[in-house]
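> Provide a 3D model corresponding to the input given below.
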Amino acid sequence: MTTRRYVVLGGTGFIGNHLLAALATRDCRVTVLSRNREQRRAVNVLPNVRTFSADVYDRAVLEKHLKGHDAVINLVGILNETGGATFTRAHVDFTATVIAACRQVGIRRIHQMSSLNAGERASKYLKTRGEAEAQMRNSGMDWTIYRPSVVYGDGDGFVFRFLKLLRMGPVLPLAQPHARFAPAWVGDVATAIRLCLADRSSIGRILELYGPDTLELLQIVRMIRDAAGLRRAVLPLPALLGRMQAYAAELIPGKPFSRDNFNSLGVDSVGTRDGFAELGITPRRFAAMLPLLLGSRARARLLDRARMTQEA
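Next up is the predicted model:
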């Protein structure tokens, strides 16, 4: 059997970490390009995974590292703009660079991460995701596009962000409380990509990846609160106050919430065609996975404390 060789862009992010763990024991070789490999030591120790420091936005550098590989998995994306990191640069311009670099070195197979509602003009995030998809669809490459709803799991920026906010005070004001999601477990998303890597029938397909439960944001946050054993009030905000909250949050270092996030939440993140079912995957239920997710994180904290005590 021929060993396949893949380049993962954005492999040190949330979904990337879980995908690399799923690929590490497979009959393949994976190259991860990161801005600073020394800060990603957990990735460096995975079997069959090599990490290189590289500026992936530099086409010449990208071409150098792509040579000799069979496919590219592009997981690069941002949720908020900061400085020079704009939606257009991260989604649209970078996708064009990936396509051009692949064409130059003779790679035809590209796996592209996107989002449910890509192309909706409600927010810059969704609009540029759609523009990136259009470039991929018109590229002449052998592409597969993944459109997940909100993805949750260990290390995510969703469940654990709300958990952090819930711990900050007795009341959590919540913008867009009735926004609807069908949360997808990160392990299921990683499995979907892994299966498509070896399946040429996935070429030219857009796979909507969403979980079996459709939940309002208000429900989700209250479920996180209850699973964590917190006594907090979650206060739904009307649209005007929610937008004001988003504006104020943009001024906080790290920009935990933005007006563009607010606008994205105005479009329900619920799919219409079950990509998991198409791949033979039974997706996990949010209510079942949430206690396990928060419990595993709590156990990890206890182990870390025990190690620190022993070392002291």
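> Going by C-alpha atoms from here, please, whenever you check contacts or count neighbours.
Noted.
> Strand partners (parallel or antiparallel) of the helix or strand hosting Tyr6?
Using DSSP states H and E, Tyr6 sits in strand 4-9. Using DSSP bridges, the strands paired with strand 4-9 are strand 28-34 (parallel), strand 71-74 (parallel).
> I'd say Gly211 and Arg284 touch.
Yes - between Gly211 and Arg284 a contact is recorded at 6.7 Å, counting by CA atoms under 8 Å.
> which residues are in contact with both of these two?
Residues touching both Gly211 and Arg284 (CA atoms under 8 Å, 6 or more residues apart in numbering) are 184-185.
> okay, the two: which has more neighbours?
Gly211 (27 against 18; other CA atoms under 10 Å).
> Secondary structure class of that one, three-state.
coil (DSSP: H, G, I helix; E, B strand; the rest coil).
> quick one: contacts for it?
149, 182-185, 283-286 are the contacts of Gly211 under CA under 8 Å, 6+ apart.
> I'd like the strands paired with strand 4-9 laid out as a markdown table, including distance to Gly242 and mean neighbour count.
Formatted as a markdown table, those follow (distance: least, CA to CA, whole Å; neighbours: other CA atoms under 10 Å):
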| stretch | distance to Gly242 | mean neighbour count |
| --- | --- | --- |
| strand 28-34 | 36 | 21 |
| strand 71-74 | 33 | 23 |
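> how about those strands, which one is nearest Val49?
strand 28-34 (4.8 Å; CA to CA).
> Tell me which helix or strand comes right after that closest one.
Later in the chain than strand 28-34, the nearest helix or strand by DSSP H and E is helix 41-44.
> Quick check: buried residues in that next one?
43-44 (16 or more other CA atoms under 10 Å).
> Show me what it is packed against.
strand 49-53 (3 or more CA pairs under 8 Å, 6 or more residues apart in numbering; DSSP states H and E).
> re the thing from before, now mean pLDDT and distance to Phe162 too, for the strands paired with strand 4-9, in JSON lines please.
Shown next, in JSON lines, are these (pLDDT from 0 to 100; distance: least, CA to CA, whole Å):
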{"stretch": "strand 28-34", "mean pLDDT": "94", "distance to Phe162": "28"}
{"stretch": "strand 71-74", "mean pLDDT": "98", "distance to Phe162": "27"}
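> Would you mind putting these into a markdown table with distance to Val45 alongside?
Output for the strands paired with strand 4-9, formatted as a markdown table (distance: least, CA to CA, whole Å):
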| stretch | distance to Val45 |
| --- | --- |
| strand 28-34 | 12 |
| strand 71-74 | 20 |
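> and of these, who's closest to Arg243?
Arg243 lies closest, by CA to CA, to one member of those: strand 71-74, at 31.9 Å.
> Name the surrounding residues that touch the closest one.
With CA under 8 Å, 6+ apart as the test, strand 71-74 has contacts from 5-10, 66, 107-113.
> Cool, thanks, talk later.
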